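Trainee: Turn this into a structure:
(chains A, B, C and D)
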Protein chains: 2
Amino acid sequence: MATGSAAKKRPPDPLVVLEAFLPYRLNVLAGLTSSALAQIYAERYGLSIPAWRVIVTLGQYELRTARDMAPDGVMHKSTVSRAVSALEKRGLVVRRPNLDDRREEWLALTPRGREIYEAVAPEALAVEERLLSVLTSDERRALSSLIEKLTRQARLLAPRDLEEGDA
Amino acid sequence: MATGSAAKKRPPDPLVVLEAFLPYRLNVLAGLTSSALAQIYAERYGLSIPAWRVIVTLGQYELRTARDMAPDGVMHKSTVSRAVSALEKRGLVVRRPNLDDRREEWLALTPRGREIYEAVAPEALAVEERLLSVLTSDERRALSSLIEKLTRQARLLAPRDLEEGDA
DNA sequence: TGCTATTGGTTGCCTGTGCAACGATTGAGG
DNA sequence: CCTCAATCGTTGCACAGGCAACCAATAGCA
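Mentor: Numbering: from 1, shown residues only, chains lettered A, B, ... in the order given. Below is the predicted model:
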């Protein structure tokens, strides 16, 4: 009772309503924002998502190793590796050996790489701002907090085998 | 001033801080929730994400065409087509011709398909609930509203060429 | 009735990426 | 010093999925 009309024909009351299902909605939203962004960094600068992330990280930190690009296993080692190779081939990134530990290599933007970074970054921020423009400052703060809480929780539920982990 | 230490060496103040960039955060969150869910429907039932969506949609609507599976271009025609083929081969879905328009076909779950649906759906909902368990009811409502606003806006910014559109 | 445009769905091709195995280097312990 | 385990990064393999060309069926229009 209270479930509305009882047994119209066969469907035993939908268990999952896809359009209301959080993981689905998050995937759709993330996909749409990626599409919006891709218009900038893919179509205009020929960057893939991993490449874009490498560029931004190097723009942010100046000097990093490939390992640092996937802090929490967001990107796979192999994905980073290939993105870096491609960027190196295009002359946007250089590798320099780390003499203290020759297993890893330092990565940095070349001048041309930084040029691109400085061109793309503001445009990307503009897209973000256009996205957020439908929210008030309070809503933005709430959004940020919600994303953080959910991300923390999702990390607990997701399989841990994304490389070693804690400690 | 107020920006902290001024010019340590070269980096001209990071333009984009990846960890604070909304599209990035959304992608990470969506990826993690997908991983958490995949443990259920992939590892335990051998379903891909598209297959899972087809199953859920048919569990919800009982009778749909392949076209209906991608209401807003979230999934590609070809993706749906291949997912349906695979499910048909496994005997979880059947096709029946639509005599009114023989271009399209009706899709429905077989009894075995519905069995799986009824087994997977509650588990998927449980994962969703575990995710949401860190939020209060107020926060859940806020989240839902924020996702909807952002999705609507993102749809405006994303390239429209995902099939025809408006009208 | 014929002719063209549109739509639902399939398939070949190509790219991107996860996985696992590997080589190179380092660190720990006897 | 030597050996074994762990770590950074690369690469071959396989598969998923986007794109575009295509087929079949329908609709619009003369």
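
Trainee: close to chain B, is the helix or strand encompassing residue A:119?
Mentor: Assigned by DSSP states H and E, residue A:119 belongs to helix A:111-132. Yes. Helix A:111-132 lies within reach of chain B by C-beta under 8 Å from any C-beta of the partner chain, at A:117, A:118, A:121, A:122, A:124, A:125, A:127, A:128, A:130, A:131, A:132. Heads up, the C-betas are built off the backbone N, CA and C, glycines and all.

Trainee: what's the neighbour count on the second one?
Mentor: In other words, residue A:118. Neighbours of residue A:118 under the rule other C-beta atoms under 10 Å in any protein chain shown: 13.

Trainee: Next, the angle helix A:111-132 makes with the helix or strand where residue A:108 lies.
Mentor: For residue A:108, the enclosing helix or strand under DSSP H and E is strand A:105-109. Here the directions of strand A:105-109 and helix A:111-132 differ by 70 degrees (axes from the mean of the first three to the mean of the last three C-alpha atoms, to 10 degrees).

Trainee: Next, format the residues of helix A:111-132 next to chain B as TSV and append pLDDT.
Mentor: Below are the residues of helix A:111-132 next to chain B laid out as TSV (pLDDT from 0 to 100):
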residue	pLDDT
A:117	95
A:118	95
A:121	94
A:122	95
A:124	95
A:125	95
A:127	95
A:128	96
A:130	96
A:131	96
A:132	98
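
Trainee: Which neighbours in the sheet does the worst-scoring helix or strand of chain A on mean pLDDT have, and how are they oriented?
Mentor: Confidence across the helices and strands of chain A bottoms out at strand A:64-65, with a mean of 90, counting by mean pLDDT, DSSP states H and E. Note on strand A:64-65: by DSSP bridges, its sheet partners are strand A:105-109 (antiparallel).

Trainee: Please spell out which residues along the strand it pairs with are buried.
Mentor: A:107, A:109 (16 or more other C-beta atoms under 10 Å in any protein chain shown).

Trainee: ditto for stretch A:86-99
Mentor: A:86, A:87, A:92, A:93.

Trainee: Excluding sequence neighbours, find me the nearest residue to whichever residue of chain A sits closest to DNA strand C.
Mentor: In chain A, the residue found nearest to DNA strand C is residue A:76; the distance is 3.1 Å by C-beta to the nearest atom of the strand. Distances taken as C-beta to C-beta, 6 or more residues apart in numbering or on different chains place residue A:70 nearest to residue A:76, at 6.9 Å, with adjacent residues excluded.

Trainee: these two touch, right, that neighbour and residue A:81?
Mentor: No. Counting by C-beta atoms under 8 Å, residue A:70 stays clear of residue A:81, with 10.3 Å between them.

Trainee: The two: which has the busier surroundings?
Mentor: Neighbours per residue (other C-beta under 10 Å) separate residue A:70 from residue A:81, with residue A:70 holding more: 18 against 14.

Trainee: And the pLDDT at residue A:163?
Mentor: Residue A:163 carries a pLDDT value of 42.

Trainee: hang on, the earlier thing: any residue of the least confident helix or strand of chain A touching DNA strand D?
Mentor: Yes. Part of strand A:64-65 sits near DNA strand D under the criterion C-beta under 7 Å from any atom of the strand, namely residue A:65.

Trainee: Is that strand in proximity to DNA strand C?
Mentor: No. Applying C-beta under 7 Å from any atom of the strand, one finds strand A:64-65 separated from DNA strand C by no less than 12.9 Å.

Trainee: can you check stretch A:25-35 too?
Mentor: No. Stretch A:25-35 stays clear of DNA strand C (C-beta under 7 Å from any atom of the strand), getting no nearer than 10.1 Å.

Trainee: does that stretch come close to DNA strand D?
Mentor: No. Applying C-beta under 7 Å from any atom of the strand, one finds stretch A:25-35 separated from DNA strand D by no less than 8.0 Å.

Trainee: can you pull the buried residues of that stretch?
Mentor: Quick answer for stretch A:25-35 (16+ other C-beta under 10 Å): A:25, A:26, A:27, A:28, A:29, A:30, A:31, A:32, A:33, A:34, A:35.

Trainee: Show me where chain A dips below the pLDDT cut-off.
Mentor: A:1-12, A:160-167 (pLDDT under 70).

Trainee: Run through the helices of chain A in chain order.
Mentor: With helices called from DSSP state H, chain A shows them at A:22-38, A:49-61, A:77-89, A:111-132, A:137-157.
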